[in-house]
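A.B. asks: this is a predicted model, with the sequence first.
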Amino acid sequence: MGNLIGQPNTASGGSTSISGNYSQNEANRTTFATIGGLDSTLTSSTKSITGGDFEGGLTIDHRLLSEAGRNQIGKEINYSKNLAKTPFTAAYGAIKSDEDNKISNFFNATAGATIANTRLLLNQDITAQELAGDTNLIAYDGKNLKENSDAKKAYGFYDSKTDKAALNSSITSKLGENEIAGLVAHEAIGHKIGGESEFVAGFVEDAVKNNWSIYQKGNNNFQLTIPISNPSSNEYASGVVFGDRVMPALQVMTHEVAFGKSHATVVHTPEPDHQKLYAGKDGYVLDEKSGNWIRTWGAGGSLLLSGNLVSDANRSRDIDFSIKTYASPNLVPVNQEAKYVETLNRLDSGYKDNLVYDLFPNLNNSDGYNSNSYVSGLLNAAKINVPEIDLKLPGYRKPVPVENFGVGR
């Protein structure tokens, strides 16, 4: 007899297993017949069927039922292929490269590419920091560096002393998603594992660029996850062999105060070779965190949120670089820095702290100015272009009139 048994079983991991069993047993049989009263034997025999058991199983991966699931299966298949071929391509590349330490380069390149591919596989819509892992990822604007700085034209660098990877935003802003991801991997994985080896870093970069469309198809926002270039809060200058720091000398910085609105101040951080000229000078304070002498020009209300608009240098939050949300490019050429600093000091001293303070100055009302009005007004009086800042800065477009700084008196 036949018996078919099927019992669906939902297994963990999103799959369904179906098992089946069929068995049949039949013995030999003989048929006898009598014809016309004569004893005549007709024998009909069948082949014995014994042990005819059949067992089978089928496991269905639920991911096959959706496009996203099928894509994930495809990624895992490609990952397995990459896992298998990476050592061979790394070995061939290490042998062909001009670098020494070919054996260590082979192992480091294999490890780096595998780490990068694993992060791409496991993190859907991966961010730049997720690809960088535990390495701190930062950005700088090469346009603010001196012409003879190595970092100015570099795509980025890795600082092993502080475990920080930096990308040059003036270059990465022009690249595609896979190219930027490759650079992140180049610095944060390749150089972290392979040291100064450009072969290892380049091998890891190529692995990410070549596999980006496989593991991160549809991830069109990777570039948006690159940190904003904010040199005031990046302390990599002291630990990087590039020499010239990224921080502009004279700039406008902002920090958020409340409800998405920001406060601006003018900040002077002298160049490294000019620091000694300002050390201990009147108006300058030592930033313990960076070791730099700095000075700020700003203002606030004499009665917190009311009273008169009073100028005030080096206010506690103005010199706290850790809270800055924006840092402008250099406001003046470095070779004219000293002249403009002297001008700012003179104009700041010329302000008599006699304007009415208004938290939200009304453009249609001549009375009332705030700290942002002070900054844009001070720059106007010094004949320094006021930078356009895409932030909510109440009063920034209502500058303190230049005559309030002693101009024309």
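C.D. replies: Thanks, I have the structure now.

A.B. asks: next one, pLDDT for Asn108 please.
C.D. replies: We have a pLDDT of 94 for Asn108.

A.B. asks: quick check, it in a strand?
C.D. replies: No. Looking at Asn108 with DSSP: H, G, I helix; E, B strand; the rest coil, it is helix, so not inside a strand.

A.B. asks: surely it meets Glu196?
C.D. replies: No. Asn108 lies out of contact with Glu196 (C-beta atoms under 8 Å); the separation is 11.3 Å. Glycine gets a C-beta too; all of them are placed from N, C-alpha and C.

A.B. asks: neighbour count: the two, which is higher?
C.D. replies: Asn108 (24 against 10; other C-beta atoms under 10 Å).

A.B. asks: mind checking how far that one is from Ala94?
C.D. replies: Going from Asn108 to Ala94 by C-beta to C-beta, to the nearest Å gives 9 Å.

A.B. asks: how about Lys209?
C.D. replies: Here the criterion is C-beta to C-beta. By it, Lys209 lies 19 Å from Ala94.

A.B. asks: what do you get for Ser262?
C.D. replies: 51 Å.

A.B. asks: ramachandran coordinates for Asp336?
C.D. replies: Residue 336: Gln, not Asp. Gln336 adopts backbone torsions of phi -110, psi 10, taken as degrees, to the nearest 10.

A.B. asks: quick one, domains of the chain?
C.D. replies: Listed domain ranges for the chain are 5-64, 67-233, 248-405 (source: automatic domain parsing).

A.B. asks: can you tell me which of those the model trusts least?
C.D. replies: Taking the mean pLDDT of these, domain 5-64 comes last: a mean of 47.

A.B. asks: and what about the closest residue to Gly194 other than its chain neighbours, helix, strand or coil?
C.D. replies: Nearest residue to Gly194 in three dimensions, chain neighbours excluded: Val200, at 2.8 Å (C-beta to C-beta, 6 or more residues apart in numbering). Using three-state DSSP, the structure places Val200 in helix.

A.B. asks: Val200 reaches Gly190, doesn't it?
C.D. replies: Yes. Using C-beta under 8 Å, Val200 makes contact with Gly190 at a distance of 5.3 Å.

A.B. asks: what residues are shared contacts of the two?
C.D. replies: Jointly contacting Val200 and Gly190 under the rule C-beta atoms under 8 Å, 6 or more residues apart in numbering are Gly112.

A.B. asks: just the helices in this structure please.
C.D. replies: All helices of the chain, identified by DSSP state H, fall at 67-96, 102-122, 128-132, 150-153, 169-172, 177-185, 192-194, 198-215, 275-278, 337-350, 371-381.

A.B. asks: reformat those as TSV; add distance to Val267.
C.D. replies: What follows is the helices of the chain, written out as TSV (distance: least, C-beta to C-beta, whole Å):
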stretch	distance to Val267
helix 67-96	47
helix 102-122	37
helix 128-132	27
helix 150-153	21
helix 169-172	20
helix 177-185	29
helix 192-194	32
helix 198-215	35
helix 275-278	13
helix 337-350	11
helix 371-381	10
